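*Asks:* With the input below, show me the fold.
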Amino acid sequence: MELFKAHQQWSNRPVDETFESVKAMHEACAGYRQISGQKVVAIDSLRVENSEGEIHLIGKAGVPAKLTHWSFGQLCTRAGAPAGYLRQLPATLAAQNLNHGLANLDEPAEDDDRKVSLLFHQNGSLVLRAATSEKYSRIWNSDVTQRLVELQERQPEWTLPLAYVREPGTKGFDGLTNKMAPRGAYASDHDMFCFLVDETKRVAVEGSTDGLRRGFFVWNSEVGAASFGIMSFLYDMVCGNHIVWGAKQVSELRIRHIGDASPKAFRELTVELRKYADSSVSEIEAQIQTARGTLLGATKEDVLDAILGKRIPELSRKRLDAAYDAAEQSPRYGSPRSVWGMVNGLTEISQKTPHADERNKLDRAAGKLMEVVF
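*Replies:* Below you'll find the predicted structure:
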């Protein structure tokens, strides 16, 4: 299977959000945090006003704050106003509509719904970076990047993979040079993404001539744009545009920034990342061998029933039936009745699924099968 998360980052990020080292990315994230401040206020204490064609947020203190594209959209959502429509209006009309929405909210189910958590930064002028629910549990990008810096200090074999370099001011496939440089570290005032690989050791897997390498993605947003997540995998190669080819044993873990995004949950997930980064090739090879030798049932029906009993979302009987048949037709996977056979069968049928979202869900489900069995 192929993974495109890193490719999407490489192709869409502007150059000023692209860093040549994890340390440089961390310094940028730490810089954003250093000039940031948070405040929880009653939403009906807020208003906006037009100032020279720009909308500013005004609180009880009367200090105007500029809005980012992201925070404007969040404020519109809180006010029940369509952000796309308001962006097309003159600033005076947009401000009037937004103020009407803020002043006429529907009755909330809970008192907390009347409060909003504001994230500002001060860099010459006051800027609103985010307007989230009071229940939003913030995980700072710099906390994530700090752990990646510590990982590289402990294990320098984890590096950013090479990719083609773009000329300044370009993105996507425009302006590519022939130069290649370390890429995979991205950060902005709202999110971060990192792609690290260990190319020094190969995991021996039947069907792979040179063995597989190890890699992982980590991502987060401190303003509510994305969950905190980690995806680990084995892979065959990474090309110059950061498409990951021949990925196997894909495992994804996420924490939403609501409710379960507690410090304890964040620590547990980063511990899982460290365990993966610290694991030896021999440990991974042993796990694969165990998966090849662990049979889920004596017959096809027994295997399907056993997996359905694990209650893994996206794994319907129809999909499991197709995965079993795919594994049966591919001797390199071993027995289709084994965990390894079914994981690879699921990976194979995911590649025939036309929609990327469905492919990703099925690939995550295959990784989950390995987790619940072991």
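
*Asks:* any chance you could map the helices in the stretch 151-300 of the chain?
*Replies:* 263-278, 281-293, 300-308 (DSSP state H, counting those that start in this stretch).

*Asks:* Below-threshold pLDDT in the stretch 151-300 of the chain: ranges please.
*Replies:* Along the stretch 151-300 of the chain, the parts satisfying pLDDT under 70 run over 167-177, 206-209, 258-265.

*Asks:* 90 instead, please
*Replies:* Across the stretch 151-300 of the chain, the ranges flagged by pLDDT under 90 are 164-180, 189-190, 199-212, 224-232, 234, 236-237, 239-241, 245-294.

*Asks:* Which one, of the helices of the stretch 151-300 of the chain, ends up nearest to G229?
*Replies:* helix 263-278 (8.5 Å; Cβ to Cβ). From N, CA and C alone the C-beta is placed, and that goes for glycine too.

*Asks:* So for that closest one, what gets flagged as buried?
*Replies:* For helix 263-278, a neighbour-count test (16 or more other Cβ atoms under 10 Å) marks A265, F266, L269, T270, L273, A277 as buried.

*Asks:* for those residues, which one is nearest A91?
*Replies:* For these, the nearest to A91 is F266 (38.9 Å; Cβ to Cβ).

*Asks:* I'd say that closest one and I139 touch.
*Replies:* Yes. Using Cβ atoms under 8 Å, F266 makes contact with I139 at a distance of 5.6 Å.

*Asks:* Need the overlap of contacts for those two.
*Replies:* The contact sets of F266 and I139 overlap at F228, I255 (Cβ atoms under 8 Å, 6 or more residues apart in numbering).

*Asks:* picking that back up, want to try CSV for the helices of the stretch 151-300 of the chain, with distance to A95 as columns?
*Replies:* Formatted as CSV, the helices of the stretch 151-300 of the chain follow (distance: least, Cβ to Cβ, whole Å):
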stretch, distance to A95
helix 263-278, 38
helix 281-293, 57
helix 300-308, 55
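
*Asks:* Nearest approach to F72 belongs to which of those?
*Replies:* helix 263-278 (28.3 Å).

*Asks:* now for that closest one, which elements pack on it?
*Replies:* On a contact count with 3 or more Cβ pairs under 8 Å, 6 or more residues apart in numbering; DSSP states H and E, helix 263-278 meets helix 141-154, strand 212-221, strand 228-235, strand 248-255.

*Asks:* ok, residues contacting the last one?
*Replies:* So the one you mean is strand 248-255. By Cβ under 8 Å, 6+ apart, the list of residues contacting strand 248-255 reads 1, 3, 139, 205, 212, 227-235, 261, 265-266, 269, 272, 284, 288, 343-344, 347, 363-364, 366-368, 370-371.

*Asks:* host element of C29?
*Replies:* helix 22-34 (DSSP states H and E).

*Asks:* Average pLDDT for that helix, rounded please.
*Replies:* Across helix 22-34, the average pLDDT comes to 95.

*Asks:* What is the subsequent helix or strand relative to it?
*Replies:* Downstream of helix 22-34, the first helix or strand assigned by DSSP H and E is strand 36-42.

*Asks:* what's the angle between that next one and helix 141-154?
*Replies:* Interaxial angle of strand 36-42 relative to helix 141-154 (axes from the mean of the first three to the mean of the last three Cα atoms, to 10 degrees): 150 degrees.

*Asks:* Just the CA coordinates for the helix or strand following strand 36-42, please, in CSV.
*Replies:* Later in the chain than strand 36-42, the nearest helix or strand by DSSP H and E is strand 47-51. In CSV, the C-alpha atoms belonging to strand 47-51 read as follows (Å, rounded to 0.1, in the frame of the first residue of the first chain):
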residue,chain,number,x,y,z
ARG,A,47,-18.1,41.8,19.6
VAL,A,48,-16.3,42.6,16.3
GLU,A,49,-15.8,45.8,14.5
ASN,A,50,-14.5,46.9,11.1
SER,A,51,-11.2,48.7,11.1
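
*Asks:* any idea how far the residue most central in space within the chain is from T145?
*Replies:* The centre of the chain sits closest to W219, judged by Cα atoms, centre = their mean, with a distance of 4.1 Å. Separation of W219 from T145 (Cβ to Cβ, to the nearest Å): 11 Å.

*Asks:* shared neighbours, those two?
*Replies:* M192, C194.

*Asks:* gap between the two ends of stretch 130-137?
*Replies:* 13 Å (Cα to Cα, to the nearest Å).

*Asks:* and that stretch, which residues are buried?
*Replies:* Per 16+ other Cβ under 10 Å, stretch 130-137 contains these buried residues: A130, A131, T132, S133, Y136, S137.

*Asks:* same thing with stretch 49-65?
*Replies:* The neighbour-count criterion (16+ other Cβ under 10 Å) identifies E49, I55, H56, L57, I58, G59, P64, A65 as the buried residues of stretch 49-65.

*Asks:* picking up where we left off before, if we ignore the residues flanking it in sequence, what's nearest the residue nearest to the centre of the chain?
*Replies:* Spatial nearest neighbour of W219, excluding adjacent residues (Cβ to Cβ, 6 or more residues apart in numbering): F193 at 4.5 Å.

*Asks:* Quick check: bridge partners of that neighbour?
*Replies:* Y186, W219 (DSSP bridges).

*Asks:* Enumerate every residue touching it.
*Replies:* Each residue near F193 by Cβ under 8 Å, 6+ apart is listed here: K5, A6, Q9, A185, Y186, A187, F217, V218, W219.
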